[in-house]
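A.B. asks: I'll drop the sequence and a predicted model, then ask my questions.
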Amino acid sequence: MSACNTCKDTEKTGVLHIKKAVKRFGGKTVVNVEDIRIGTHCIEGLIGPNGAGKSTLINLMTQKLSLTEGEIIYYRGDEAINVSSKNLNTLAKLNLVRSNQIIQDFASLTIVDSMILANTDLRHEKFYKLFNDKEVREAAQEKIDFYLDYFHFDFPEGHALSAGEKKLLDIIRCLILNPKFLLLDEPTAGLPQDQSDKVIDLLQKKTAEEDMCVLIVEHNLDLIWRVCDYIHFMADGQILIQGTPDEIKGNETVNKKYIGEESNA
Ligand SMILES: Nc1ncnc2c1ncn2[C@@H]1O[C@H](COP(=O)(O)OP(=O)(O)OP(=O)(O)O)[C@@H](O)[C@H]1O
Ligand SMILES: [Mg+2]
């Protein structure tokens, strides 16, 4: 059952159970999470200082990186999917989808073509054929029109040029994949305020109206307090505190290890 007022049904969106999860690089332990569940609320936040291990944890949850020890199980309805036994693309097909903190791709695709590619299952075909396929284009058209209209790209038949456009396109690509569980690594970093507000409005609308839950990693704490139903606080590779925005805001450890530091910066 969901503890969140607005969630439709967590049975449909699923919960990630992270158990004794350790990630080491060389001899250095960067993630060491004992036992937590992510996804019991519509919109959750993962916060913590630089280098806390947030991106690494997202990478582990989506199998962009492999665990050194432990396990991560995605429970959804009657299914129990061992994340470590899948790859990134298989997980995306299971509607467990992630965005990236640093956007590296899209260099050779136009904005529209990136959306077409996200909307097709034919990823193993020689993909240049896709963009001239009338059926493939038409299948994506409604979504393309919606996102172009909503975010107002200057030149959709061109490439995403600015960091902000690339970021938006990465989020749109995730949403086109119809995620049930969406993990967003700093989705509004580098976006102008109006676009950032649009992203957040859209996420709130989708989580309220569709079977979708979201985990947001962000340093923008005003945003985190405003939109999250539940927050996980991470430092030194561990999840130290979990709670509602009010509980986290008022927590001494969070203030000492993170918020105080941020406000002094
Ligand atoms: N591929 C890697 N090889 C070695 N060390 C790594 C690698 N990736 C991350 N680290 C280290 O793991 C630690 C956690 O990094 P991570 O990127 O997960 O932090 P973060 O919480 O996302 O920080 P930020 O808020 O700055 O994005 C850091 O000390 C980082 O240097
Ligand atoms: Mg990070």
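C.D. replies: Nice, thanks for sending it over. Residues are numbered from 1 along each chain as shown. Ligands and ions are numbered 1, 2, ... in the order given.

A.B. asks: Contacts only, for I216.
C.D. replies: Applying CB atoms under 8 Å, 6 or more residues apart in numbering, we find I216 in contact with 43-46, 184, 187, 203, 223-224, 227-228. Backbone N, C-alpha and C define where each C-beta goes, glycine included.

A.B. asks: May I ask which helix or strand encompasses it?
C.D. replies: Per DSSP states H and E, I216 falls inside strand 213-217.

A.B. asks: before we move on, the earlier item: let me know the closest of the contacts of I216 to ligand 2.
C.D. replies: Closest to ligand 2 out of the contacts of I216 is L46 (9.5 Å), distances taken as CB to the ion.

A.B. asks: coming back round to it: let's see which of the contacts of I216 end up in strands.
C.D. replies: 43-46, 184 (DSSP state E).

A.B. asks: ok, so of those, who is nearest ligand 1?
C.D. replies: Comparing the ones in strands among the contacts of I216 against ligand 1 with CB to the nearest ligand atom places L46 closest, at 8.5 Å.

A.B. asks: I'd like the contacts of I216 as JSON lines, with neighbour count appended.
C.D. replies: Putting the contacts of I216 into JSON lines (neighbours: other CB atoms under 10 Å) gives the following:
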{"residue": "I43", "neighbour count": "26"}
{"residue": "E44", "neighbour count": "23"}
{"residue": "G45", "neighbour count": "23"}
{"residue": "L46", "neighbour count": "26"}
{"residue": "L184", "neighbour count": "25"}
{"residue": "P187", "neighbour count": "27"}
{"residue": "L203", "neighbour count": "21"}
{"residue": "L223", "neighbour count": "18"}
{"residue": "I224", "neighbour count": "21"}
{"residue": "V227", "neighbour count": "20"}
{"residue": "C228", "neighbour count": "23"}
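
A.B. asks: Burial check on S162, number of neighbours?
C.D. replies: 12 (other CB atoms under 10 Å).

A.B. asks: What separation is there between it and ligand 2?
C.D. replies: From S162 across to ligand 2, the span is 20 Å (CB to the ion, to the nearest Å).

A.B. asks: same check, this time on E34
C.D. replies: 21 Å.

A.B. asks: wait, that residue sits on G237?
C.D. replies: No - between E34 and G237 no contact is recorded; they are 10.8 Å apart, counting by CB atoms under 8 Å.

A.B. asks: Which one's more surrounded, those two?
C.D. replies: Remark: of E34 and G237, G237 carries more neighbours, 22 against 12, as counted by other CB under 10 Å.

A.B. asks: and that one, how far is that from G190?
C.D. replies: 26 Å (CB to CB, to the nearest Å).

A.B. asks: can you check I38 too?
C.D. replies: Distance, I38 to G190, using CB to CB: 25 Å.

A.B. asks: And these two? Which one has more around it.
C.D. replies: I38 (26 against 16).

A.B. asks: mind listing what the more buried one touches?
C.D. replies: 15-16, 18, 44, 46, 61, 215, 232.

A.B. asks: tell me the pLDDT at it?
C.D. replies: If you check I38, the pLDDT there is 96.

A.B. asks: and it, how far is that from ligand 2?
C.D. replies: Going from I38 to ligand 2 by CB to the ion gives 16 Å.

A.B. asks: what do you get for I58?
C.D. replies: For I58, the distance to ligand 2 - CB to the ion - is 8 Å.

A.B. asks: What average pLDDT does the host helix or strand of L60 get?
C.D. replies: Take DSSP H and E as the rule and L60 turns out to sit in helix 54-61. In this model, helix 54-61 has a mean pLDDT of 96.
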